[in-house]
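*Asks:* Based on what follows, work out the 3D shape:
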Amino acid sequence: METIKTSELITNDDGSIFHLHLTPEELASKIILVGDPGRVNTVASHLDSIEIERENREFHTITGRYHKERISIISTGIGPDNIDIVLNELDALANINLKSKQINSEHKSLQIIRIGTCGSVQAEVPVNSFVISAASIGIDGVLRFYKDHERVCDVAMEEAFIQHCQWTNKTARPYAVRASEELVGKLHKPGITVKGITLTAPGFYGPQGRVLRLPIEMPNVNARINTFKHGDLPLINYEMESAPIAGLAALMGHQATTICLVIANRQTGEANPDYHAHMKQLIEYTLNTLIN
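*Replies:* Numbers count the residues shown, from 1 in each chain. From the prediction side, this is the model:
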């Protein structure tokens with residue numbers, strides 16, 4: 001069996017993986033991802049017990065038990081580049097022997113749910129709504145760096161989006177990925193959550209159609225984005241992590257989806273910067289749904 005070079009899979013002196021500073025036994029098979037390192041403590045405040053806590057840069061992990069279910073809560077920081085780090089290191093913890101640097105003979109599948117914030121592009125999906133990403137369209141380019149990404153991509157959705165939005169070839173080509181049907185089915189409750197397509201951007205301003213001092217390449221793109229629909233799924237929201245999570249997880253044989261709290265509505269102009277009480281409700285909803 002081929003050994004992975006140390007330069008490709010770096011570990012720390014204590015045997016932990018490079019960025020997350022975790023060892024395989026410290027990772028649960030059910031994982032909650034959050035962007036904000038501070039939100040790890042908010043989620044962990046609901047746990048019945050805590051086993052370990054690790055921090056390095058923006059990566060903060062707490063593993064513990066919620067109603068006897070073992071869960072790891074991990075912060076990723078902002079953006080798809082950090083998702084590339086976190087998903088690869090989670091998969092390595094689950095499926096590579098960090099000492100021998102060889103791939104394990106038995107594959108371990110993880111369940112990964114991102115809890116985040118987003119902006120709605122639909123007037124009828126107001127601030128404080130809970131949105132589940134049944135599918136994601138990434139305009140970040142991360143998944144395109146991995147061979148056979150077409151295997152997990154919805155090419156028909158990609159082509160429809162590119163044509164509908166008159167997408168320029170001067171930016172990264174969009175890719176579309178379906179989330180785990182099992183996790184979406186478990187999390188989605190009509191009347192409580194909204195299900196649809198999430199658009200993952202590699203930035204907060206220009207990549208999401210915001211204009212400050214710099215003009216953008218596609219100034220009218222948001223007027224086309226909010227009318228995009230594929231099958232029975234409308235495009236509902238913007239955020240910055242969902243697509244690479246869904247895409248990398250699918251390529252690696254894991255289950256993943258994203259559930260977000262809407263804190264701004266790009267159509268109505270409404271925003272709620274003081275959203276913490278609603279985030280607490282979303283966290284409680286996700287935890288209780290995940291273990292049932």
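*Asks:* Where do the helices of this protein begin and end?
*Replies:* Under the criterion DSSP state H, the chain contains helices at 37-44, 80-95, 155-164, 181-187, 221-225, 242-252, 276-291.
*Asks:* Deepest-packed of the ones you listed, please.
*Replies:* With neighbours defined as mean count of other CB atoms under 10 Å, the helices of the chain peak in mean count at helix 242-252, which reaches a mean of 27. In short, each C-beta sits where N, CA and C put it, glycine included.
*Asks:* can I get the CA coordinates of that helix in CSV?
*Replies:* Output in CSV follows, covering the C-alpha atoms of helix 242-252 (Å, rounded to 0.1, in the frame of the first residue of the first chain):
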residue,chain,number,x,y,z
SER,A,242,-22.2,25.0,1.7
ALA,A,243,-21.1,23.9,-1.8
PRO,A,244,-17.5,22.7,-1.0
ILE,A,245,-18.8,21.0,2.1
ALA,A,246,-21.4,19.1,0.1
GLY,A,247,-19.1,18.4,-2.8
LEU,A,248,-16.0,17.2,-0.9
ALA,A,249,-18.2,15.2,1.5
ALA,A,250,-19.8,13.4,-1.5
LEU,A,251,-16.5,12.7,-3.2
MET,A,252,-15.1,11.3,0.1
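*Asks:* got the angle between that helix and helix 80-95?
*Replies:* Using axes from the mean of the first three to the mean of the last three CA atoms, to 10 degrees, the interaxial angle of helix 242-252 with respect to helix 80-95 works out to 30 degrees.
*Asks:* Just put the helices of the chain in CSV and tack on mean pLDDT and distance to residue 13.
*Replies:* As requested, these are arranged in CSV below (pLDDT from 0 to 100; distance: least, CB to CB, whole Å):
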stretch, mean pLDDT, distance to residue 13
helix 37-44, 96, 23
helix 80-95, 98, 17
helix 155-164, 98, 43
helix 181-187, 97, 36
helix 221-225, 93, 47
helix 242-252, 98, 27
helix 276-291, 94, 34
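*Asks:* The closest residue to residue 178 other than its chain neighbours pairs with what?
*Replies:* Once flanking residues are discounted, residue 178 sits nearest to residue 135: 4.9 Å by CB to CB, 6 or more residues apart in numbering. For residue 135, the beta-bridge assignment (DSSP bridges) gives partners residue 178, residue 197.
*Asks:* count of neighbours near residue 135?
*Replies:* Summarising burial for residue 135: neighbours were counted as other CB atoms under 10 Å, giving 23.
*Asks:* Show the model's pLDDT score for it.
*Replies:* Taken from the predicted model, the pLDDT recorded for residue 135 is 98.
*Asks:* what does the one 3 residues further on give?
*Replies:* Note for residue 138: predicted pLDDT of 98.
*Asks:* and if you look at residue 273?
*Replies:* 85.
*Asks:* List the residues that contact it.
*Replies:* Contacts were defined as CB atoms under 8 Å, 6 or more residues apart in numbering; by that measure residue 273 touches residue 263.
*Asks:* gap between it and residue 279?
*Replies:* For residue 273, the distance to residue 279 (CB to CB, to the nearest Å) stands at 12 Å.
*Asks:* For the residue nearest to the spatial centre of the chain, give me its contacts.
*Replies:* The structure's the chain has its C-alpha centroid closest to residue 242; by CA atoms, centre = their mean the separation is 3.4 Å. Under the criterion of CB under 8 Å, 6+ apart, the contact list for residue 242 reads 114, 116, 133, 136, 138, 198, 200, 258, 260.
*Asks:* How many neighbouring residues does the second one have?
*Replies:* Counted with other CB under 10 Å, residues neighbouring residue 116 total 27.
*Asks:* same thing with the fifth one?
*Replies:* Residue 138: 31 surrounding residues under other CB under 10 Å.
*Asks:* what's the answer for residue 29, then?
*Replies:* By the other CB under 10 Å criterion, the neighbourhood of residue 29 contains 15 residues.
*Asks:* does it really touch residue 108, like I thought?
*Replies:* Yes. Judged on CB atoms under 8 Å, residue 29 makes contact with residue 108 at a distance of 7.1 Å.
*Asks:* list residues touching both of the two?
*Replies:* Taking CB under 8 Å, 6+ apart as the criterion, residue 29 and residue 108 both touch residue 94.
*Asks:* who's in contact with the residue nearest to residue 167 when sequence neighbours are not counted?
*Replies:* Nearest residue to residue 167, sequence neighbours excluded (CB to CB, 6+ apart): residue 174, at 6.3 Å. For residue 174, the set of contacting residues under the criterion of CB under 8 Å, 6+ apart consists of 137-139, 158, 161-162, 167.
*Asks:* switch the cut-off to 6 Å
*Replies:* Contact partners of residue 174, counting by CB atoms under 6 Å, 6 or more residues apart in numbering, are 137, 139, 158, 161.
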